[in-house]
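Using only what follows, build the 3D model:
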Amino acid sequence: MVTTQLNQASPSRPVPGTIRVAAAVGEAVQEADGSAALAGLGELVRPPGASVWVDLTTPTAEQAQQVGAALALHPLIVEDVLEGNQRAKIETTDGVIHIVLFHLTYDEKVATSELDIVLGPGYLLTVHQASWDPRESNKLRSGIEPILRHGPDHLLWALADDIVDGYFPFADRLGYAIDDVQDQVVRKATPEVLEKLFLLKRELIEVRRAVSPVREVFNQLTNRDITLIDDEELVYYRDIYDHIIRLTDELDNYRELASATLDVYLSTINNNLSVIMKRLTGVTVILAGIGAVAGIFGMSEAGTALGGAEAPGFWLVTAITVGLAASAAIVLRRIDWI
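So this is what the prediction gives:
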(Lines give C-alpha, C1' and ligand atoms only; values in the text may rest on other atoms or scores of the structure.)
Protein backbone atom coordinates (compact mmCIF):
# COMPACT_ATOMS: atom_id res chain seq x y z
CA MET A 1 0.00 0.00 0.00
CA VAL A 2 1.38 3.36 -1.00
CA THR A 3 0.20 6.50 0.75
CA THR A 4 0.88 9.91 -0.76
CA GLN A 5 0.41 13.02 1.35
CA LEU A 6 -0.25 16.01 -0.91
CA ASN A 7 -0.47 18.55 1.83
CA GLN A 8 0.10 19.01 5.51
CA ALA A 9 -1.95 16.79 7.77
CA SER A 10 -5.46 17.94 8.47
CA PRO A 11 -6.18 19.21 11.96
CA SER A 12 -7.58 16.72 14.43
CA ARG A 13 -10.66 18.88 14.82
CA PRO A 14 -11.69 20.64 11.60
CA VAL A 15 -12.81 24.25 11.71
CA PRO A 16 -15.54 25.80 9.55
CA GLY A 17 -14.40 26.04 5.94
CA THR A 18 -12.12 22.98 6.13
CA ILE A 19 -11.95 20.87 2.96
CA ARG A 20 -10.37 17.42 3.07
CA VAL A 21 -10.05 14.96 0.22
CA ALA A 22 -8.89 11.35 0.42
CA ALA A 23 -8.62 9.25 -2.75
CA ALA A 24 -7.78 5.59 -3.27
CA VAL A 25 -6.96 5.07 -6.93
CA GLY A 26 -5.00 2.01 -7.94
CA GLU A 27 -2.25 1.34 -5.40
CA ALA A 28 -2.00 4.94 -4.12
CA VAL A 29 -3.92 6.57 -1.31
CA GLN A 30 -3.81 10.34 -1.52
CA GLU A 31 -4.92 12.87 1.06
CA ALA A 32 -5.09 16.64 0.79
CA ASP A 33 -6.78 19.57 2.45
CA GLY A 34 -7.35 23.23 1.79
CA SER A 35 -7.15 24.66 -1.71
CA ALA A 36 -4.95 21.79 -2.83
CA ALA A 37 -7.82 19.42 -2.17
CA LEU A 38 -9.94 20.97 -4.92
CA ALA A 39 -7.20 20.86 -7.54
CA GLY A 40 -7.84 17.99 -9.86
CA LEU A 41 -10.83 16.73 -7.87
CA GLY A 42 -12.81 16.13 -11.04
CA GLU A 43 -9.97 14.00 -12.45
CA LEU A 44 -9.76 11.87 -9.30
CA VAL A 45 -13.33 10.58 -9.60
CA ARG A 46 -13.20 9.76 -13.31
CA PRO A 47 -11.11 6.56 -13.45
CA PRO A 48 -13.05 3.28 -13.16
CA GLY A 49 -12.90 1.91 -9.64
CA ALA A 50 -12.01 5.28 -8.13
CA SER A 51 -12.85 5.78 -4.47
CA VAL A 52 -12.76 9.40 -3.32
CA TRP A 53 -13.95 10.93 -0.09
CA VAL A 54 -14.61 14.69 -0.04
CA ASP A 55 -15.25 16.04 3.45
CA LEU A 56 -16.49 19.62 3.99
CA THR A 57 -16.87 21.30 7.37
CA THR A 58 -19.47 24.08 7.33
CA PRO A 59 -18.44 25.20 3.83
CA THR A 60 -19.00 28.63 2.39
CA ALA A 61 -21.25 29.07 -0.63
CA GLU A 62 -18.21 29.44 -2.86
CA GLN A 63 -16.62 26.24 -1.58
CA ALA A 64 -19.84 24.28 -2.03
CA GLN A 65 -20.24 25.61 -5.57
CA GLN A 66 -16.65 24.66 -6.42
CA VAL A 67 -17.07 21.13 -5.09
CA GLY A 68 -20.45 20.83 -6.82
CA ALA A 69 -18.92 21.86 -10.13
CA ALA A 70 -15.99 19.45 -9.73
CA LEU A 71 -18.34 16.55 -8.96
CA ALA A 72 -21.01 17.65 -11.46
CA LEU A 73 -23.67 17.81 -8.78
CA HIS A 74 -27.18 19.01 -9.53
CA PRO A 75 -27.75 22.60 -8.31
CA LEU A 76 -30.60 21.43 -6.06
CA ILE A 77 -28.22 19.19 -4.13
CA VAL A 78 -25.79 22.05 -3.61
CA GLU A 79 -28.66 24.28 -2.53
CA ASP A 80 -29.92 21.73 0.02
CA VAL A 81 -26.43 21.25 1.41
CA LEU A 82 -25.97 24.99 1.92
CA GLU A 83 -29.46 25.58 3.26
CA GLY A 84 -29.36 22.96 6.00
CA ASN A 85 -32.27 22.53 8.39
CA GLN A 86 -33.34 19.43 6.50
CA ARG A 87 -35.13 16.41 7.86
CA ALA A 88 -33.52 12.98 7.74
CA LYS A 89 -34.20 11.83 4.18
CA ILE A 90 -32.92 10.15 1.03
CA GLU A 91 -33.28 11.59 -2.46
CA THR A 92 -31.95 10.49 -5.84
CA THR A 93 -31.14 13.21 -8.37
CA ASP A 94 -29.43 12.53 -11.69
CA GLY A 95 -28.27 9.14 -10.45
CA VAL A 96 -26.68 10.66 -7.32
CA ILE A 97 -27.97 9.78 -3.85
CA HIS A 98 -28.38 12.57 -1.30
CA ILE A 99 -28.83 11.42 2.30
CA VAL A 100 -29.41 13.57 5.38
CA LEU A 101 -28.65 12.12 8.82
CA PHE A 102 -28.26 13.66 12.26
CA HIS A 103 -25.48 13.19 14.79
CA LEU A 104 -26.61 13.54 18.41
CA THR A 105 -24.66 15.10 21.26
CA TYR A 106 -25.66 15.78 24.86
CA ASP A 107 -24.57 18.82 26.83
CA GLU A 108 -27.25 19.38 29.50
CA LYS A 109 -29.77 18.80 26.71
CA VAL A 110 -29.94 16.93 23.41
CA ALA A 111 -28.39 18.73 20.43
CA THR A 112 -28.55 17.58 16.82
CA SER A 113 -25.90 18.10 14.17
CA GLU A 114 -26.91 17.70 10.53
CA LEU A 115 -24.82 15.54 8.21
CA ASP A 116 -25.34 15.71 4.44
CA ILE A 117 -24.01 12.72 2.50
CA VAL A 118 -23.85 12.56 -1.29
CA LEU A 119 -23.00 9.21 -2.87
CA GLY A 120 -22.02 9.37 -6.52
CA PRO A 121 -20.02 7.28 -8.97
CA GLY A 122 -16.57 6.91 -7.46
CA TYR A 123 -16.98 9.40 -4.61
CA LEU A 124 -18.64 10.15 -1.30
CA LEU A 125 -19.23 13.75 -0.24
CA THR A 126 -19.90 14.55 3.41
CA VAL A 127 -20.88 17.98 4.71
CA HIS A 128 -21.15 18.54 8.46
CA GLN A 129 -20.67 21.04 11.25
CA ALA A 130 -17.43 21.54 13.15
CA SER A 131 -18.91 19.94 16.28
CA TRP A 132 -18.52 16.49 14.71
CA ASP A 133 -15.50 14.99 12.98
CA PRO A 134 -16.24 11.84 10.93
CA ARG A 135 -12.62 10.74 11.18
CA GLU A 136 -13.11 10.26 14.91
CA SER A 137 -15.74 7.60 14.32
CA ASN A 138 -14.93 4.13 15.63
CA LYS A 139 -14.32 2.56 12.24
CA LEU A 140 -12.04 5.35 10.98
CA ARG A 141 -9.84 5.95 14.02
CA SER A 142 -7.31 3.39 12.84
CA GLY A 143 -7.10 5.02 9.40
CA ILE A 144 -9.33 5.61 6.41
CA GLU A 145 -7.39 3.46 3.92
CA PRO A 146 -8.96 0.06 4.74
CA ILE A 147 -12.48 1.49 4.52
CA LEU A 148 -11.90 3.72 1.52
CA ARG A 149 -10.35 0.94 -0.56
CA HIS A 150 -13.61 -0.99 -0.39
CA GLY A 151 -15.35 1.85 -2.19
CA PRO A 152 -17.41 4.93 -1.30
CA ASP A 153 -20.46 2.76 -0.58
CA HIS A 154 -18.50 0.96 2.15
CA LEU A 155 -17.39 4.30 3.56
CA LEU A 156 -21.02 5.41 3.63
CA TRP A 157 -21.86 2.31 5.66
CA ALA A 158 -18.99 2.97 8.10
CA LEU A 159 -20.13 6.53 8.79
CA ALA A 160 -23.84 5.69 8.98
CA ASP A 161 -23.24 2.72 11.25
CA ASP A 162 -21.24 4.87 13.67
CA ILE A 163 -23.99 7.51 13.74
CA VAL A 164 -26.72 4.94 14.35
CA ASP A 165 -24.70 3.24 17.08
CA GLY A 166 -24.39 6.63 18.75
CA TYR A 167 -28.18 6.82 19.06
CA PHE A 168 -28.40 3.94 21.53
CA PRO A 169 -26.69 5.70 24.49
CA PHE A 170 -29.25 8.50 24.14
CA ALA A 171 -32.12 6.01 24.14
CA ASP A 172 -30.69 4.28 27.22
CA ARG A 173 -30.21 7.58 29.05
CA LEU A 174 -33.80 8.59 28.29
CA GLY A 175 -35.02 5.20 29.51
CA TYR A 176 -33.16 5.56 32.82
CA ALA A 177 -34.41 9.12 33.21
CA ILE A 178 -38.03 8.05 32.64
CA ASP A 179 -37.69 5.29 35.26
CA ASP A 180 -36.31 7.83 37.75
CA VAL A 181 -39.16 10.28 37.09
CA GLN A 182 -41.71 7.49 37.49
CA ASP A 183 -40.26 6.67 40.93
CA GLN A 184 -40.43 10.34 41.91
CA VAL A 185 -44.05 10.61 40.78
CA VAL A 186 -45.00 7.58 42.88
CA ARG A 187 -43.14 8.90 45.94
CA LYS A 188 -44.29 12.51 45.71
CA ALA A 189 -45.76 14.38 42.76
CA THR A 190 -44.34 17.91 42.76
CA PRO A 191 -44.11 20.68 40.15
CA GLU A 192 -40.35 20.01 39.89
CA VAL A 193 -41.08 16.40 38.86
CA LEU A 194 -43.57 17.64 36.27
CA GLU A 195 -40.93 19.98 34.84
CA LYS A 196 -38.49 17.07 34.51
CA LEU A 197 -41.16 15.01 32.80
CA PHE A 198 -41.90 17.70 30.21
CA LEU A 199 -38.16 18.10 29.58
CA LEU A 200 -37.91 14.37 28.91
CA LYS A 201 -40.85 14.52 26.52
CA ARG A 202 -39.16 17.33 24.58
CA GLU A 203 -35.92 15.34 24.39
CA LEU A 204 -37.84 12.29 23.21
CA ILE A 205 -39.43 14.32 20.44
CA GLU A 206 -36.01 15.70 19.44
CA VAL A 207 -34.38 12.26 19.34
CA ARG A 208 -37.32 10.66 17.56
CA ARG A 209 -37.33 13.45 14.97
CA ALA A 210 -33.70 12.66 14.18
CA VAL A 211 -34.00 8.86 14.31
CA SER A 212 -37.42 7.89 12.99
CA PRO A 213 -36.96 8.96 9.32
CA VAL A 214 -33.64 7.06 9.18
CA ARG A 215 -35.67 3.86 9.10
CA GLU A 216 -37.10 4.78 5.70
CA VAL A 217 -33.67 5.87 4.46
CA PHE A 218 -32.14 2.44 4.97
CA ASN A 219 -35.30 0.70 3.90
CA GLN A 220 -34.84 2.29 0.48
CA LEU A 221 -31.10 1.63 0.44
CA THR A 222 -31.63 -2.09 1.09
CA ASN A 223 -34.72 -2.71 -1.03
CA ARG A 224 -34.12 -0.60 -4.12
CA ASP A 225 -31.89 -1.60 -6.99
CA ILE A 226 -29.21 1.07 -6.52
CA THR A 227 -26.21 0.62 -8.80
CA LEU A 228 -24.03 2.85 -6.62
CA ILE A 229 -24.17 0.27 -3.81
CA ASP A 230 -22.52 -3.07 -4.42
CA ASP A 231 -24.62 -6.18 -3.74
CA GLU A 232 -22.01 -7.37 -1.25
CA GLU A 233 -22.53 -4.21 0.78
CA LEU A 234 -26.27 -4.72 1.22
CA VAL A 235 -25.77 -7.05 4.15
CA TYR A 236 -24.04 -4.23 6.04
CA TYR A 237 -26.89 -1.82 5.30
CA ARG A 238 -29.45 -4.40 6.42
CA ASP A 239 -27.62 -4.61 9.74
CA ILE A 240 -28.06 -0.84 10.21
CA TYR A 241 -31.71 -1.15 9.20
CA ASP A 242 -32.22 -3.81 11.87
CA HIS A 243 -30.66 -1.55 14.49
CA ILE A 244 -32.89 1.35 13.47
CA ILE A 245 -36.03 -0.79 13.74
CA ARG A 246 -35.07 -1.84 17.25
CA LEU A 247 -34.20 1.73 18.21
CA THR A 248 -37.45 3.24 16.90
CA ASP A 249 -39.43 0.59 18.77
CA GLU A 250 -37.61 1.51 21.98
CA LEU A 251 -38.29 5.21 21.45
CA ASP A 252 -41.97 4.49 20.84
CA ASN A 253 -42.08 2.54 24.10
CA TYR A 254 -40.36 5.39 25.94
CA ARG A 255 -42.84 7.88 24.51
CA GLU A 256 -45.73 5.76 25.75
CA LEU A 257 -44.07 5.45 29.15
CA ALA A 258 -43.65 9.22 29.35
CA SER A 259 -47.30 9.76 28.47
CA ALA A 260 -48.36 7.13 31.00
CA THR A 261 -46.18 8.81 33.65
CA LEU A 262 -47.91 12.12 32.95
CA ASP A 263 -51.28 10.41 33.42
CA VAL A 264 -50.06 8.94 36.72
CA TYR A 265 -48.89 12.39 37.83
CA LEU A 266 -52.29 13.93 37.08
CA SER A 267 -54.08 11.05 38.82
CA THR A 268 -51.85 11.47 41.87
CA ILE A 269 -52.60 15.18 42.03
CA ASN A 270 -56.34 14.49 41.79
CA ASN A 271 -56.09 11.85 44.49
CA ASN A 272 -54.21 14.25 46.76
CA LEU A 273 -56.92 16.85 46.18
CA SER A 274 -59.57 14.29 47.08
CA VAL A 275 -57.74 13.45 50.32
CA ILE A 276 -57.57 17.13 51.24
CA MET A 277 -61.28 17.58 50.55
CA LYS A 278 -62.12 14.55 52.70
CA ARG A 279 -60.10 15.88 55.59
CA LEU A 280 -61.68 19.31 55.32
CA THR A 281 -65.09 17.66 55.28
CA GLY A 282 -64.25 15.69 58.43
CA VAL A 283 -63.12 18.80 60.27
CA THR A 284 -66.27 20.59 59.13
CA VAL A 285 -68.47 17.79 60.50
CA ILE A 286 -66.85 18.06 63.91
CA LEU A 287 -66.90 21.84 64.12
CA ALA A 288 -70.42 22.11 62.69
CA GLY A 289 -71.79 19.83 65.45
CA ILE A 290 -70.16 21.85 68.14
CA GLY A 291 -71.26 25.09 66.52
CA ALA A 292 -74.85 23.91 66.28
CA VAL A 293 -75.08 23.14 69.96
CA ALA A 294 -73.38 26.40 70.87
CA GLY A 295 -75.82 28.29 68.70
CA ILE A 296 -78.80 26.75 70.48
CA PHE A 297 -77.67 27.84 73.91
CA GLY A 298 -76.38 31.24 72.78
CA MET A 299 -73.44 33.23 73.95
CA SER A 300 -75.53 34.84 76.72
CA GLU A 301 -75.00 31.73 78.85
CA ALA A 302 -71.18 32.02 78.70
CA GLY A 303 -70.91 34.43 81.64
CA THR A 304 -73.14 32.37 83.89
CA ALA A 305 -71.27 29.16 82.99
CA LEU A 306 -67.87 30.71 83.67
CA GLY A 307 -69.19 32.07 86.99
CA GLY A 308 -70.12 28.59 88.15
CA ALA A 309 -73.84 29.46 88.43
CA GLU A 310 -74.96 27.37 85.48
CA ALA A 311 -77.34 24.45 86.11
CA PRO A 312 -75.97 20.86 85.83
CA GLY A 313 -77.95 20.37 82.63
CA PHE A 314 -75.70 22.82 80.84
CA TRP A 315 -72.60 20.83 81.72
CA LEU A 316 -74.35 17.61 80.77
CA VAL A 317 -75.16 18.94 77.31
CA THR A 318 -71.63 20.29 76.96
CA ALA A 319 -70.14 16.90 77.89
CA ILE A 320 -72.43 15.10 75.45
CA THR A 321 -71.46 17.57 72.67
CA VAL A 322 -67.74 17.10 73.30
CA GLY A 323 -68.20 13.34 73.47
CA LEU A 324 -70.07 13.24 70.15
CA ALA A 325 -67.38 15.42 68.55
CA ALA A 326 -64.64 13.10 69.85
CA SER A 327 -66.55 10.06 68.62
CA ALA A 328 -66.94 11.67 65.18
CA ALA A 329 -63.22 12.41 65.10
CA ILE A 330 -62.39 8.77 65.93
CA VAL A 331 -64.72 7.45 63.24
CA LEU A 332 -63.40 9.88 60.61
CA ARG A 333 -59.85 8.96 61.55
CA ARG A 334 -60.53 5.26 61.08
CA ILE A 335 -61.94 5.85 57.59
CA ASP A 336 -58.93 8.06 56.79
CA TRP A 337 -60.87 11.25 56.37
CA ILE A 338 -58.74 13.20 58.83
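
contacts, neighbours, all on C-alpha from now
Will do.

Does anything pack onto the host helix or strand of Leu197? Which helices or strands?
Under the criterion of DSSP states H and E, Leu197 resides in helix 191-223. Judged by 3 or more Cα pairs under 8 Å, 6 or more residues apart in numbering; DSSP states H and E, the packing partners of helix 191-223 are strand 89-93, strand 96-106, strand 110-120, helix 167-187, helix 234-297.

got the angle between it and helix 234-297?
When axes from the mean of the first three to the mean of the last three Cα atoms, to 10 degrees is applied, the directions of helix 191-223 and helix 234-297 differ by 160 degrees.

list the buried ones in helix 191-223?
By neighbour count on 16 or more other Cα atoms under 10 Å, the buried set for helix 191-223 is 193-194, 197, 200-201, 203-204, 207-208, 210-219, 221-222.

Also stretch 261-271?
Thr261, Leu262, Val264, Tyr265, Thr268, Ile269.

out of the helices and strands packed on helix 191-223, which comes closest to Gly17?
strand 110-120 (15.0 Å; Cα to Cα).

ok, and what's touching the closest one?
81, 84-86, 95-105, 124-129, 131-132, 152-153, 156, 203, 206-207, 210, 228 (Cα atoms under 8 Å, 6 or more residues apart in numbering).

Recalculate using a threshold of 7 Å.
Applying Cα atoms under 7 Å, 6 or more residues apart in numbering, the contact partners of strand 110-120 are 81, 96-105, 124-129, 203, 228.

so is Glu232 in a helix, a strand, or just coil?
In terms of secondary structure, Glu232 is helix; the call rests on DSSP: H, G, I helix; E, B strand; the rest coil.

middle-most residue in the chain, spatially?
What sits nearest the mean C-alpha location of the chain, by Cα atoms, centre = their mean, is Val207, with 2.5 Å.

from what I can see, Leu125 looks like it's in a strand, true?
Yes - secondary structure of Leu125 (three-state DSSP): part of a strand.

For beta bridges, what are the partners of it?
Val54, Val118 (DSSP bridges).

was I right about it contacting Thr57?
No - if you go by Cα atoms under 7 Å, Leu125 and Thr57 don't touch, sitting 11.0 Å apart.

and of the helices and strands packed on helix 191-223, who's closest to Ser142?
helix 234-297 (19.6 Å).

Could you give the number of residues near Leu71?
22 (other Cα atoms under 10 Å).

Let me see the backbone angles for His128.
Main-chain torsions, His128, degrees, to the nearest 10: phi -150, psi 170.

Compile the helices and strands packed on helix 191-223 into JSON lines and extend it with columns for mean pLDDT and distance to Ser137.
Listed next are the helices and strands packed on helix 191-223 as JSON lines, based on pLDDT from 0 to 100; distance: least, Cα to Cα, whole Å:
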{"stretch": "strand 89-93", "mean pLDDT": "91", "distance to Ser137": "21"}
{"stretch": "strand 96-106", "mean pLDDT": "89", "distance to Ser137": "11"}
{"stretch": "strand 110-120", "mean pLDDT": "90", "distance to Ser137": "14"}
{"stretch": "helix 167-187", "mean pLDDT": "87", "distance to Ser137": "13"}
{"stretch": "helix 234-297", "mean pLDDT": "81", "distance to Ser137": "15"}
